[in-house]
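Visitor: Got a sequence here, can you build the structure:
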Amino acid sequence: MSTHVTTASPSGATAAPRAVALIDGQNLYHAVKREFGYTFPNYEPSALARCLCASQGWALAQVRFYTGVPDAADDPFWSQFWSAKLLALSRAGVWTYSHPIRHRARAVRLYGGLTVHPPGGPAHPAGTRLFLGNGSELPEGTELRVRVADDVTRVLARIAVDIVRLAQTGDYDVILIFSQDQDLSEAASEARAVARGHGRRIRLASAFPCGGVGHRGRGIAGTQRIPIPKADYDACIDPRDYRSPAGIPEAES
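Guide: Reported below is the predicted structural model:
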């Protein structure tokens, strides 16, 4: 059985715990949009991870970034955005994982328990009636065909696997997860069990934006919960804007 040894500096002071940051790019973006009102992922992952680790006295050793990327034929805007941002992150030394998001047609019927999410606005409660431009109401049972994202769970599954793997290696003392997805609580619990099985202890923490107008901040169950105030978030905004060609990194020669 291996044991975890805490190192000390030459002066005798205990070294800061080594942390690895796992960032769920889509989850963080939607939480920031809800809390702070930003309409695109304008965070700089490494800066944000450094800021939070410094506040806890942890030494950031690695940043890992995960996101789904839509196909260019389905959504050219977001496909270009994420491709450009991932390229810049990789060049800056961030470990990245991406998975293609594909769309498929799905038929739904009004109204029942259907919740309507209009683009760029808050969700309407179940039972909300819909009307055409001429004022006529869409009747009960009307079939709508919508395009929905597929394979969105692949990124979450990869994060969960990596949480457990990183606990097993013993390379880090802290796993800091930038997500509020409660499905990761089981992975956090398993990571602690794996570390204990190797005679080690590991800290699991989850970070989330908090204090904005749409406040629903809460971390992953069973982890240390670390709110991200807006002032700290704003200090970690990426100076590059990948929504336009000017923000796309130049190709390497």
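Visitor: can you pull out the helices in the stretch 1-150 of the chain?
Guide: 25-36, 45-56, 76-91 (DSSP state H, counting those that start in this stretch).
Visitor: among the ones you listed, which is nearest R18?
Guide: Using Cβ to Cβ as the measure, helix 45-56 is the one of the helices of the stretch 1-150 of the chain that comes nearest R18, at 9.7 Å. In short, each C-beta sits where N, CA and C put it, glycine included.
Visitor: buried ones in that closest one?
Guide: Along helix 45-56, these residues count as buried under the neighbour rule (16 or more other Cβ atoms under 10 Å): P45, S46, A47, L48, A49, R50, C51, L52, C53, Q56.
Visitor: and the first one, what is it in contact with?
Guide: The reference is to P45. A21, I23, G25, V63, F65, L89, V94, F178 (Cβ atoms under 8 Å, 6 or more residues apart in numbering).
Visitor: switch to 7 Å and redo it
Guide: Under the criterion of Cβ atoms under 7 Å, 6 or more residues apart in numbering, the contact list for P45 reads I23, V63, F65, L89, V94.
Visitor: Against A205, how distant is the fourth one?
Guide: The one in question is L89. 21 Å (Cβ to Cβ, to the nearest Å).
Visitor: Can you tell me which of the buried residues of helix 45-56 comes closest to R243?
Guide: For the buried residues of helix 45-56, with R243 as the reference and Cβ to Cβ as the criterion, the closest is P45, at 17.1 Å.
Visitor: one step back: dump the helices of the stretch 1-150 of the chain into CSV; add mean pLDDT as well.
Guide: Compiled in CSV, the helices of the stretch 1-150 of the chain are given as follows (pLDDT from 0 to 100):
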stretch, mean pLDDT
helix 25-36, 94
helix 45-56, 98
helix 76-91, 95
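Visitor: Each with direction, which strands does the longest strand along the chain pair with?
Guide: Of all segments of type strand in the chain, defined using DSSP state E, the longest is strand 95-109. The partner list of strand 95-109 in its sheet, established with DSSP bridges, is strand 59-70 (parallel), strand 143-150 (antiparallel).
Visitor: For that strand, list the C-alpha coordinates in CSV.
Guide: This file holds the C-alpha atoms of strand 95-109, laid out as CSV (Å, rounded to 0.1, in the frame of the first residue of the first chain):
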residue,chain,number,x,y,z
TRP,A,95,-5.0,20.2,-21.0
THR,A,96,-8.2,20.1,-23.1
TYR,A,97,-10.9,17.6,-23.9
SER,A,98,-13.7,18.2,-26.4
HIS,A,99,-16.4,16.1,-27.8
PRO,A,100,-18.6,16.9,-30.8
ILE,A,101,-22.2,17.9,-30.1
ARG,A,102,-24.5,16.6,-32.7
HIS,A,103,-28.2,17.5,-33.1
ARG,A,104,-31.2,15.3,-33.9
ALA,A,105,-34.8,16.0,-34.6
ARG,A,106,-37.3,15.3,-31.9
ALA,A,107,-41.1,15.6,-31.9
VAL,A,108,-42.9,17.0,-28.9
ARG,A,109,-46.5,17.8,-28.3
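Visitor: Buried residues, it. List them.
Guide: Of the residues in strand 95-109, those scored as buried under the neighbour-count criterion (16+ other Cβ under 10 Å) are T96, Y97, S98, H99, I101, H103.
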